[in-house]
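1. Based on what follows, work out the 3D shape:
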Amino acid sequence: MAAESRILQPPSPSSLALLRHFPPSQKVQWVEESPTAGKQRDPRVLQERRVEACGGVGLGAGMRERKMSAGACTAFHGLCPEGKLPNAIISVDGIEFPAHKTILCNCSPYFRALFSSSWSSAEKSVYKIPGTSPEMMRLLIEYAYSGTVPVTADNVVSLLIEADQFNVLGTLRVCCEFLKAHLCLENCIGIWKFTGYYYCPDLREEAHQFILHHFEEVTRVSTEFLELSIDDLERILEKEELPVTEEVVFNALLKWVAHDLQTRRQHIVVLLGKEGWRIGQKGFFFFK
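-> Okay, the predicted model is just below:
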């Protein structure tokens, strides 16, 4: 994966809040088949995703999270292959999840690498996993067994990050599809910037195209537009698919510069001059 070949920087706080415009009560479950879940089915059916209404509330912190994580362990036993006892324990912050190495390996290259490095030690069964939370690990393991993962506005950002980290591609794909379906004027820039940190090329392109084709509306209502860096702004303006007039671009640039006048005023001539625009009809002249 491309995500493995570069050092990822943590997303900005604005990126983590990119879904703040979703209705708080909205809970949607996106279902994706994992490689090991269920019976053999028609390959065409495996490509389908079902969207179902999902009730319930988000998890609280502390004891409630620990309680649910511990309860999930019992559920995993019910999903285990008949007659096969768990041969691994995934430990996250003291919460333990019994699992089968084969099932986790089929779901994730990360677990294949983790377990293969210890095959020579038959006694090795407990694997402490840093850098994640018990709740996120519970969702990833449940996906490996059941082929479903509940994705909501509350958990999609964290779940996408963890799915990318552990190379659980099915879960990563579902998170990306969820974000694609919820692109809007207010969050499209945040999603586009967010996907620069993780391996989501299709989602990144979808968000970019959304920005280009709704550029005028985005610049009017999106606070994220005002926070764009000069480099990101140039990436948007240089695209030939940008279907707006020069006046729209000019007004958007003035708005962007005015947001941080002292720092950005130097860029206005460079941005306009780069394209060699001459907006003569409106009385604005800019030359290379």
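2. Would you mind splitting this structure into its domains for me?
-> Listed domain ranges for the chain are 23-181, 201-275 (source: automatic domain parsing).
3. Which of these sits closest to Asn187?
-> Asn187 lies closest to domain 201-275 among these, at 7.4 Å (C-beta to C-beta). C-beta: built from backbone N, CA, C; applies to glycine.
4. The domains of the chain: lowest mean pLDDT?
-> The weakest mean pLDDT among these belongs to domain 23-181, with a mean of 70.
5. Could you give me the buried positions within the helix or strand harbouring Val257?
-> When elements are assigned from DSSP states H and E, Val257 belongs to helix 246-259. For helix 246-259, burial by neighbour count (16 or more other C-beta atoms under 10 Å) applies to Glu246, Val249, Phe250, Asn251, Ala252, Leu253, Trp256, Val257.
6. That one: what's the following helix or strand?
-> helix 261-264.
7. do you know how far Leu179 is from Val249?
-> Look at Leu179 and Val249: by C-beta to C-beta, to the nearest Å, they are 27 Å apart.
8. Asp202: helix or strand, and which one exactly?
-> Here Asp202 is assigned to helix 201-213, by DSSP H and E.
9. Which helix or strand lies directly C-terminal to that helix?
-> Downstream of helix 201-213, the next assigned helix or strand under DSSP H and E is helix 215-221.
10. Could you export that following helix as PDB, CA atoms only?
-> The C-alpha coordinates for helix 215-221 follow below in PDB (Å, rounded to 0.1, in the frame of the first residue of the first chain):
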ATOM      1  CA  PHE A 215     -16.400  25.800  -6.600                       C
ATOM      2  CA  GLU A 216     -18.500  28.900  -6.400                       C
ATOM      3  CA  GLU A 217     -20.900  27.500  -3.800                       C
ATOM      4  CA  VAL A 218     -18.000  26.100  -1.800                       C
ATOM      5  CA  THR A 219     -16.200  29.400  -1.600                       C
ATOM      6  CA  ARG A 220     -19.400  31.100  -0.400                       C
ATOM      7  CA  VAL A 221     -20.300  28.700   2.500                       C
END
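11. Quick one: list the elements packing against it.
-> If contacts are counted by 3 or more C-beta pairs under 8 Å, 6 or more residues apart in numbering; DSSP states H and E, helix 215-221 sits against helix 246-259.
12. In terms of secondary structure, what does the helix it packs on contact?
-> When contacts are defined as 3+ C-beta pairs under 8 Å, 6+ apart, helix 246-259 packs onto helix 215-221, helix 223-226, helix 267-275.
13. CA atoms of it as PDB?
-> Provided in PDB are the C-alpha atoms of helix 246-259 (Å, rounded to 0.1, in the frame of the first residue of the first chain):
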ATOM      1  CA  GLU A 246     -12.500  34.500 -14.000                       C
ATOM      2  CA  GLU A 247     -14.600  36.800 -11.900                       C
ATOM      3  CA  VAL A 248     -15.700  34.000  -9.600                       C
ATOM      4  CA  VAL A 249     -12.000  32.900  -9.200                       C
ATOM      5  CA  PHE A 250     -11.000  36.500  -8.600                       C
ATOM      6  CA  ASN A 251     -13.600  37.100  -5.900                       C
ATOM      7  CA  ALA A 252     -12.700  33.800  -4.200                       C
ATOM      8  CA  LEU A 253      -9.100  34.800  -4.100                       C
ATOM      9  CA  LEU A 254      -9.900  38.100  -2.600                       C
ATOM     10  CA  LYS A 255     -11.900  36.400   0.100                       C
ATOM     11  CA  TRP A 256      -9.100  33.900   0.800                       C
ATOM     12  CA  VAL A 257      -6.500  36.700   1.000                       C
ATOM     13  CA  ALA A 258      -8.700  38.900   3.200                       C
ATOM     14  CA  HIS A 259      -9.000  36.000   5.800                       C
END
